[in-house]
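Undergrad: Quick one, what's the 3D model for this:
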Amino acid sequence: AWAEAYEQLTWENSKLAVIFTLFVVMRAMDRVFSKRVVDRMANYQLMYFNILWPVGVQVAQVLVCLAWVAYQRYSLGDRRYGLNFFHPAATIATAAGLAYPQWRLALFSLWDQLNAAITGIPGPFISQNDAGIMSNFVIIWTVIISIWYLGTRYSTEHYLGCALIIMSGLVSVVVNLQTNDPPIGEYTAPGGTLQRSSGIWYIIYIIGTVPSGISNCYKQKCLKSVDLEVMYASFWSGNWQIMWGLLTFPINWIHMPPPAVEHEPADTGEFLTRAWTCFLGSIPLNATGQPYIPPENTTQLITESVCNISEVVHSYTPGDEVCAAKGGSAAVWFLVYIVFNVSFNVLLLWLTKRMSATWAQIGTVLCLDLASIFSQFKFLMGSEAEYLTLQQWFGLILAGIAMWVYNLKDELDADGMEVKGANVADGDPLAGVARSVSLSRASDVMRVSRASRPSATSSVRLSGDRAVPWVPPAGWSKAYCTWEEFS
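TA: Residues are numbered from 1 along each chain as shown. Just a heads-up that it's a prediction; the model follows:
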């Protein structure tokens, strides 16, 4: 029995488990180090999420793609990979050897950028644990949108899994809701002080999860419909995200609830200069040598006449002194963060393509659970570390059970077929079209999809690790991909 089990431990049989485990760890570390950057850039969130983040992550993505191309070309001998991989009309983009529309890859990252910008603004004023709980709303949006947009069919087990995810979030805060101890909205600021945030920040954060649900379903359709090359999609969507970051920067001029600092359009130049100074770990100073934005941290004891109840009310505005908080500058933690960010984003695309958007999002819950556990340790979170409460531990366990329940049955598409795998074959005539064996193709299962019929002029297919000319099946004469079919 042990010998048989050992023989089953092949890469093909264990690939999904290994990649999912890496994804969970990378995503959890990504959240931990992102929080450290966000807390230090508290007064300059849109500079971080709309300029520094898209550019910095894309630089790292380029390096990863160069290594990927070199590995494919020189280690696996796939001569299709070369500098032409980075061309906007590269035929390596799809399994059929067709270029992929750049406008689709632009939409790939639009929703991601909106999610990052909207959820990033409340980031400094919400605890890591609360943010993780509210991120579970993405599952709700993903399920609703996938039913309408993708035609996904869910079974009772899937709905139970989603319900358990929601319950895990409620369990995590049930004591807070009943006793107000600790109160909802309390978080640890840089320096270790406990602060309170406005409830409006929670509403803004939940609104920011909607674009993430749209993004998940859109990516699933794009990745599966043409067996889209994951690294290629990551590279070009990252290029477009830099543009979206600049175009959505005016969100910075919208007046947000306290303790956010108001920024006017006329002050943008000065704002960018101060933000860069803050990013490097120095305190932006005014003409008198004082912090440009001074901190305000007051505590007031309010006694109500009813039952003589007293309540301590905190009023906190993070000044620019947080830019130089102990434990390293935002730039230092950003360099650590992008290593995990690029890794988890590529793995997330792989899992979305191999399984589904909802499956990957359910898996993300485990990532956020692990991030909550990591956020307890000062060597990772510094002075912002927070211990998990007993009810939060119960919530994490419940989320793990939800993942197990969800996987009891496979998702089905509108045709009643399993969602997992890429969909690039179109009936029996093309059943013999060979699939790439590389990780970027991610599929062990083929299904019908007109969107990616290979043309009669497609030059190569893969046979094992060897590229050979593609020969069209008997009776194949038409090379086409109409707008309606691609859409």
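Undergrad: Just the CA trace of the one helix or strand Leu164 maps to, in CSV.
TA: Counting by DSSP states H and E, the element that carries Leu164 is helix 156-179. Written as CSV, here are the backbone C-alpha positions of helix 156-179 (Å, rounded to 0.1, in the frame of the first residue of the first chain):
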residue,chain,number,x,y,z
THR,A,156,-25.5,22.5,-2.2
GLU,A,157,-22.0,21.8,-1.0
HIS,A,158,-20.7,25.0,-2.6
TYR,A,159,-23.4,27.2,-1.1
LEU,A,160,-22.7,25.5,2.3
GLY,A,161,-19.0,26.3,1.9
CYS,A,162,-19.7,29.9,1.1
ALA,A,163,-22.2,30.2,4.1
LEU,A,164,-19.5,28.7,6.4
ILE,A,165,-17.1,31.4,5.2
ILE,A,166,-19.6,34.1,6.1
MET,A,167,-20.2,32.5,9.5
SER,A,168,-16.5,32.3,10.2
GLY,A,169,-16.4,36.1,9.8
LEU,A,170,-19.3,36.6,12.2
VAL,A,171,-17.9,34.1,14.7
SER,A,172,-14.6,36.2,14.7
VAL,A,173,-16.4,39.3,15.9
VAL,A,174,-19.4,37.9,17.8
VAL,A,175,-17.9,38.9,21.2
ASN,A,176,-17.1,42.3,20.0
LEU,A,177,-20.7,42.8,18.8
GLN,A,178,-22.1,41.6,22.1
THR,A,179,-19.8,43.3,24.6
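Undergrad: pLDDT weak spots in the stretch 1-150 of the chain?
TA: 1-8, 11 (pLDDT under 70).
Undergrad: ok, and what's touching the helix holding Leu164?
TA: 129-130, 133-134, 136, 139-140, 143, 181-184, 358, 362, 365, 389, 391-392, 394-396, 398-399, 401-403, 405-409, 411 (CB atoms under 8 Å, 6 or more residues apart in numbering). Glycine gets a C-beta too; all of them are placed from N, C-alpha and C.
Undergrad: Neighbours of Gly169, how many?
TA: 20 (other CB atoms under 10 Å).
Undergrad: same check, this time on Val346
TA: The local packing of Val346 (other CB under 10 Å) involves 24 other residues.
Undergrad: from what I can see it touches Val230, true?
TA: Yes: at 6.3 Å, Val346 counts as touching Val230 under the criterion of CB atoms under 8 Å.
Undergrad: residue boundaries of the helices in the stretch 51-200 of the chain?
TA: Taking DSSP state H, counting those that start in this stretch, the helices of the stretch 51-200 of the chain run over residues 53-70, 102-120, 128-134, 137-145, 156-179, 199-208.
Undergrad: Please apply the same query to the stretch 251-400 of the chain.
TA: 268-279, 330-354, 357-374, 378-381, 390-406.
Undergrad: To Leu9, which of these lies closest?
TA: helix 330-354 (18.9 Å; CB to CB).
Undergrad: what's the angle from the closest one to helix 102-120?
TA: On the basis of axes from the mean of the first three to the mean of the last three CA atoms, to 10 degrees, helix 330-354 is oriented at 130 degrees to helix 102-120.
Undergrad: So which elements touch helix 330-354?
TA: Helices and strands touching helix 330-354, by 3 or more CB pairs under 8 Å, 6 or more residues apart in numbering; DSSP states H and E, are helix 11-40, helix 53-70, helix 210-225, helix 230-247, helix 268-279, helix 357-374.
Undergrad: Tell me how far the fourth one lies from the chain's centre.
TA: When distances are taken as CA atoms, centre = their mean, to the nearest Å, helix 230-247 is centred 14 Å away from the chain's centroid.
Undergrad: Use 44 as the first number from now on
TA: With 44 as the first residue, the last one maps to helix 273-290.
Undergrad: So which of the helices of the stretch 94-243 of the chain is nearest Phe278?
TA: Distance to Phe278, taken as CB to CB, is lowest for helix 96-113 among the helices of the stretch 94-243 of the chain, at 4.9 Å.
Undergrad: I'd say Arg122 and Phe128 touch.
TA: No: assessed by CB under 8 Å, Arg122 is found out of contact with Phe128, at 11.5 Å.
Undergrad: Looking at the two, which one has more neighbours?
TA: A direct count of neighbours by other CB under 10 Å for Arg122 and Phe128 places Phe128 higher, at 21 against 11.
Undergrad: Single out the most deeply packed of the helices of the stretch 94-243 of the chain.
TA: helix 171-177 (a mean of 24; mean count of other CB atoms under 10 Å).
Undergrad: what about dumping the CA coordinates of that helix to PDB?
TA: The C-alpha trace of helix 171-177 is given here as PDB (Å, rounded to 0.1, in the frame of the first residue of the first chain):
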ATOM      1  CA  GLN A 171      -5.300  43.200   9.700                       C
ATOM      2  CA  ASN A 172      -7.900  40.800  11.100                       C
ATOM      3  CA  ASP A 173     -10.900  43.000  10.300                       C
ATOM      4  CA  ALA A 174      -9.600  43.500   6.800                       C
ATOM      5  CA  GLY A 175      -9.300  39.800   6.300                       C
ATOM      6  CA  ILE A 176     -12.800  39.200   7.500                       C
ATOM      7  CA  MET A 177     -14.300  41.900   5.200                       C
END
